[in-house]
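A structural model of the following input is requested.
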Amino acid sequence: MSIVLQCENLTKTFDSGPAPVEVLKNINFSVEQKSRVAIVGASGSGKSTLMHLLGGLDVPNSGTVTVCGQDMSALSDAARGNLRNQSLGFIYQFHHLLPEFTALENVAMPLLVRKGSITTAEAEAKAMLAKVGLSGRILHKPTELSGGERQRVAIARALVTHPKVILADEPTGNLDSKNATQVQDEMLALNEELDTAIVIVTHDSKIAESMEITYTLADGILIKS
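Just a heads-up that it's a prediction; the model follows:
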């Protein structure tokens with residue numbers, strides 16, 4: 001299978017405080033198409049920092065992140081944004097849905113950013129919401145949905161563009177065990193159906209065990225478990 005995400009010799013240092021703190025040290029790993037990768041580690045170990053670098057939301061001090069053959073750091077801000085929209089999907093612990101819009105409008109948004117037609121975007125959003133079991137909730141706003149439903153809308157939004165890679169940062173961390181299991185099952189089913197790779201940061205051992213590859217991040221070093 002082809003490699004859809006790769007980081008080489010990645011380092012990140014923060015200069016806050018009396019002395020610089022090297023959060024990530026010479027990180028190297030790659031993600032193949034359709035693969036499932038978990039990253040585990042203690043709170044404060046740098047997992048979210050790594051995810052921000054992988055998604056082009058932050059830049060490393062050294063090293064490269066390559067998405068679908070393109071070096072993120074070599075791109076302009078606009079080109080990096082286009083690459084994120086075309087090739088990456090993001091799921092967070094908190095859904096980050098826009099409260100003034102319906103589930104349908106939230107899911108259609110990434111397609112509308114591409115300047116596609118509203119009719120096509122809404123049709124694809126409806127289809128993706130159906131895949132996560134929310135056909136009957138498409139006109140509800142986030143405040144009218146349960147926590148589990150909001151996170152499933154967030155999954156639909158991340159996947160509506162058919163990205164090559166989903167970056168998920170503690171996607172079940174704010175859910176009870178029943179909803180966490182449902183969200184996990186839906187992510188794995190869509191991984192199979194859409195051939196989308198998943199890179200997931202998680203404290204949930206059950207989710208980590210369902211992945212094909214697990215890495216542990218400790219003291220700034222990423223080790224394959």
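
just the strands in the protein please.
Under the criterion DSSP state E, the chain contains strands at 3-14, 21-32, 36-40, 62-67, 70-71, 88-92, 165-169, 197-201, 213-218, 221-224.

what lines up beside the second one in the sheet?
Next to strand 21-32 in the sheet, as set by DSSP bridges, lie strand 3-14 (antiparallel).

neighbouring contacts of the partner strand?
Strand 3-14 is contacted from outside by 20-33, 46, 49-50, 53-54, 58, 60-68, 87, 164-165, 197, 199, using Cβ atoms under 8 Å, 6 or more residues apart in numbering. Just so you know, the C-beta spots here come from the backbone N, C-alpha and C atoms, and that holds for glycine as well.

about what we covered before: mind putting the strands of the chain into CSV with distance to Gln182?
Below are those laid out as CSV (distance: least, Cβ to Cβ, whole Å):
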stretch, distance to Gln182
strand 3-14, 26
strand 21-32, 25
strand 36-40, 17
strand 62-67, 29
strand 70-71, 34
strand 88-92, 14
strand 165-169, 15
strand 197-201, 16
strand 213-218, 22
strand 221-224, 29
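
can you list the ones you listed in TSV and add distance to Ser177 and mean neighbour count?
Shown next, in TSV, are those (distance: least, Cβ to Cβ, whole Å; neighbours: other Cβ atoms under 10 Å):
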stretch	distance to Ser177	mean neighbour count
strand 3-14	30	18
strand 21-32	28	17
strand 36-40	18	23
strand 62-67	33	18
strand 70-71	39	14
strand 88-92	18	23
strand 165-169	18	24
strand 197-201	17	25
strand 213-218	21	17
strand 221-224	28	14
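
Which one of these lies nearest to Ala154?
For Ala154, the closest of the strands of the chain is strand 88-92, at 5.6 Å, according to Cβ to Cβ.

Mind exporting the C-alpha coordinates of that closest one to CSV?
Output of strand 88-92 as CSV, limited to C-alpha atoms (Å, rounded to 0.1, in the frame of the first residue of the first chain):
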residue,chain,number,x,y,z
LEU,A,88,-7.0,15.3,5.9
GLY,A,89,-10.0,15.0,8.2
PHE,A,90,-9.9,16.0,11.9
ILE,A,91,-11.9,14.7,14.9
TYR,A,92,-11.3,16.1,18.3
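
How far off centre is that strand?
Relative to its parent chain, strand 88-92 has a centroid offset of 3 Å by Cα atoms, centre = their mean, to the nearest Å.

packing partners for it?
On a contact count with 3 or more Cβ pairs under 8 Å, 6 or more residues apart in numbering; DSSP states H and E, strand 88-92 meets helix 147-159, strand 165-169.

Need the contact partners of that strand.
Contacts of strand 88-92 (Cβ under 8 Å, 6+ apart): 55-56, 67, 151, 154-155, 157-159, 161, 163-171, 187, 196.

ok so, going back, mean pLDDT for the strands of the chain: which is lowest?
Lowest mean pLDDT of these: strand 88-92, a mean of 83.

what about Leu158, neighbour count?
Not quite, residue 158 is Ala, not Leu. Neighbour count of Ala158, defined by other Cβ atoms under 10 Å: 24.
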